[in-house]
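J.: how would this look folded up:
(chains A and B)
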Amino acid sequence: MGPKGDPDLIARARGGDKGAFEELLRPAIAPAARLAYGMLQDRIAAEDVVQEAAFKAWRRLGNLRPGAGFKPWFLGIVVNQARSARRSPWWQVLSFDRESAVKAADEPSIRATDVRRALLRVPADQRAAILLHFYLDLPLDQVAIALGISLAGVKSRINRGLKRMRPGLSSYETVL
Amino acid sequence: MDVRRELEDALDIDDFPSRTLLSRAMSRLDQPRGRKSYTPLSPIAAGLIAAALIATLVAVRLNSVPSGQSVLPTTSTIDNLVDYRFVSPDLGWLHAYHGGDIIARTTDGGRTWHRALNADGLYPGASMQVLDGQSAVLVGRNTQGGVIWLTVDGGAYWQSHVVPTSFATYVIGASGYFLTPRLGWLFLARANCGGMMACIQAPESQLVYQTTDGGYHWSYVGSTDQRATSVAIQFVSPNFGVALGGGTMAATRDSGRTWKSTEVPVFLPGCGAVAVANGCNLEFRQAVTMFNANDGILLVSAFRDYALVSRAAYATTDGGLTWTDASISLRETGGGVVLFLGFDTLLDVEPGSLQLPAGWYLAAAQYTDVKHEWATISNSREQAAVGARHADDLFRVLTTADGGVTWHAVGLPQI
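T.: Numbering: from 1, shown residues only, chains lettered A, B, ... in the order given. Okay, the predicted model is just below:
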């Protein structure tokens, strides 16, 4: 669904039409799950975050500015929900494949682990900007809408985040 | 490779069930918002509720202090805590040392404690094992040999047993493990030299004794070649057990009669592969968890100047005969206290996310369920686990009942 289809659906959803809300949510649910997983790196917690974000979006549809797209607005709610979810537990349960527990790690899995850990070292606001732009392929202006900050602020957060992720990240990029 | 590709590879979740998630999210919309309608209260009822609320708040305030406060009451701090174990959110045991070994028990989550045992005459280094809410064991040694104190009625009555040896002078350590209140093992660390004072640093072997009647009778069954004053023992069945100490892991499949020892080298940056007993000017701490007779995890932490340098995990699927590098699991963790919940599941307690007063460090953690947890914090970085080492090492036990969101200091007994 393109942004042009949003206004009518949004208006109907605001009126209490759950079918319309579901149509709005459908294309955003997978990116939201990926974003929440990237933020938390916990699959179950990510699913909880998306459900809670959907609930909040339903209740707060009135806050969506006229003309604004639903998807970046909803992803912004997901980011906030993930941030508050991250604050609560001081511990995490990690599960790994039984096979991987007794086999030496291969190079790609070690690289992936390094990248995930590097991502967790980045403050949440910078992590969200990186994930929205590089992982969900959102244009910078859409990232700005999702995070409620300026375009310059988005670039600054991404560049500071990428710098902090090194050396866990082998690539080096800057957003100009 | 660019950033997009690296993130795609690292966060590979292609099988996220979008359709199911959408369905659950839509179902969530039908749930109530959590706000309830209230009927007006009469002024008298409202006054009574307000008074009760204030009284409750005052009581809670007196009994607990948020962990984030920089100053906690001195009754919540103890300088000789050796160990504690909670078997349920309410029921816990505590071991402290103050000129003698003291065991206390709580039935209200640590708000009040009562002394269950004063065991005088033991050398420092005794250890407590809690079997359940009613049964606990204290294992130590005195001038005659090994000593066991055992209760099976919640600490009301303790039975003391001495395991005499003809070479008590050469016994420099005692460790024990009870699988049931009747079936237990005692390890006596023996030094092979001219006298105890000359042998403190020279443990030679572990002599293994077994009881099948709750400590009344002990039989010498075998020995291990572990050079340690104490060993960490775990039996998962009457026949199979492991003992960790002195840089080696020993495993038995015949109730302690014969043991096979394995030395597990640890690879450390700048040091290469080193044996944990003598490696690279580092101090090592080890913990083993067996989940059954075959599967287990060995965790080795290396410290230099009290700071964690490296940590490695090894897994066994053959009852401890061979150990394979499983450090990949640790790469996911944040560097805090690691508790293995199962062979393929671990709990990483992040030290940075628990708000601690300045100068205090997370030392240990224990769980009874997903909401009720206890964490020990120490004023010494040296502490990787609970245990009094120096007189000025202070310990504090914190508890949570909401999964770690809020913490309160557990009132510890005045020793």
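J.: Show me which parts of stretch B:396-410 are buried, residue by residue.
T.: By neighbour count on 16 or more other CB atoms under 10 Å in any protein chain shown, the buried set for stretch B:396-410 is B:396-400, B:404, B:407-410. For glycine as for every other residue, the C-beta is placed from the backbone atoms N, C-alpha and C.
J.: least confident pick among the residues you listed?
T.: The member of the buried residues of stretch B:396-410 with the lowest pLDDT is residue B:404, at 71.
J.: residues near residue B:226, how many?
T.: As a burial measure, residue B:226 scores 25 neighbours (other CB atoms under 10 Å in any protein chain shown).
J.: Let me fix that, I meant to ask about residue B:296.
T.: 25.
J.: which residues does the closest residue to it other than its chain neighbours contact?
T.: Nearest residue to residue B:296 in three dimensions, chain neighbours excluded: residue B:290, at 3.9 Å (CB to CB, 6 or more residues apart in numbering or on different chains). Shown in contact with residue B:290 (CB atoms under 8 Å, 6 or more residues apart in numbering or on different chains): B:234, B:236, B:240, B:242, B:296, B:320.
J.: ok, the buried residues of stretch B:396-410 vs residue B:256, which is closest?
T.: Using CB to CB, residue B:397 is the member of the buried residues of stretch B:396-410 that lies nearest residue B:256, at 33.8 Å.
J.: For the nearest residue to residue B:129 once chain neighbours are set aside, which three-state class applies?
T.: The shortest distance from residue B:129 to any non-neighbouring residue, by CB to CB, 6+ apart, is to residue B:137 (4.6 Å). Recorded secondary structure, residue B:137: strand (DSSP: H, G, I helix; E, B strand; the rest coil).
J.: Share the number of residues neighbouring residue B:137, please.
T.: For residue B:137, the count of nearby residues is 23 (other CB under 10 Å).
J.: now the buried residues of stretch B:396-410 in CSV, with secondary structure and distance to residue B:8?
T.: Below are those laid out as CSV (DSSP: H, G, I helix; E, B strand; the rest coil; distance: CB to CB, whole Å):
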residue, secondary structure, distance to residue B:8
B:396, strand, 45
B:397, strand, 44
B:398, strand, 40
B:399, strand, 42
B:400, strand, 37
B:404, coil, 32
B:407, coil, 38
B:408, strand, 44
B:409, strand, 46
B:410, coil, 46
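J.: do you know how far residue B:321 is from residue B:250?
T.: Using CB to CB, to the nearest Å, residue B:321 is found at 11 Å from residue B:250.
J.: Can you work out which residues contact both of those two?
T.: With CB under 8 Å, 6+ apart as the test, residue B:321 and residue B:250 both reach B:260, B:262.
J.: what sits against residue B:228?
T.: Listed by CB under 8 Å, 6+ apart, the contact set of residue B:228 reads B:173, B:189, B:203, B:206, B:245-246.
J.: how near is it to chain A?
T.: Separation of residue B:228 from chain A (CB to the nearest CB, to the nearest Å): 27 Å.
J.: which SS class is that residue?
T.: Assignment for residue B:228 (three-state DSSP): coil.
J.: Residue B:321 and residue B:250 - which one has more neighbours?
T.: Relative neighbour count places residue B:250 above the other of residue B:321 and residue B:250, with 27 against 13, counting by other CB under 10 Å.
J.: right, and that one touches residue B:258 too?
T.: No. Using CB atoms under 8 Å, residue B:250 is not in contact with residue B:258; the gap is 9.9 Å.
J.: neighbours around the residue lying closest to residue A:56 once chain neighbours are set aside, how many?
T.: Once flanking residues are discounted, residue A:56 sits nearest to residue A:77: 5.5 Å by CB to CB, 6+ apart. Residue A:77 sits with 21 neighbouring residues when counted by other CB under 10 Å.
J.: can you pull the contacts of residue A:77?
T.: By CB under 8 Å, 6+ apart, the residues touching residue A:77 are A:53, A:56-57, A:60.
J.: picking up where we left off before, in the contacts of residue B:290, which has the lowest confidence score?
T.: Among the contacts of residue B:290, residue B:320 has the weakest pLDDT, 81.
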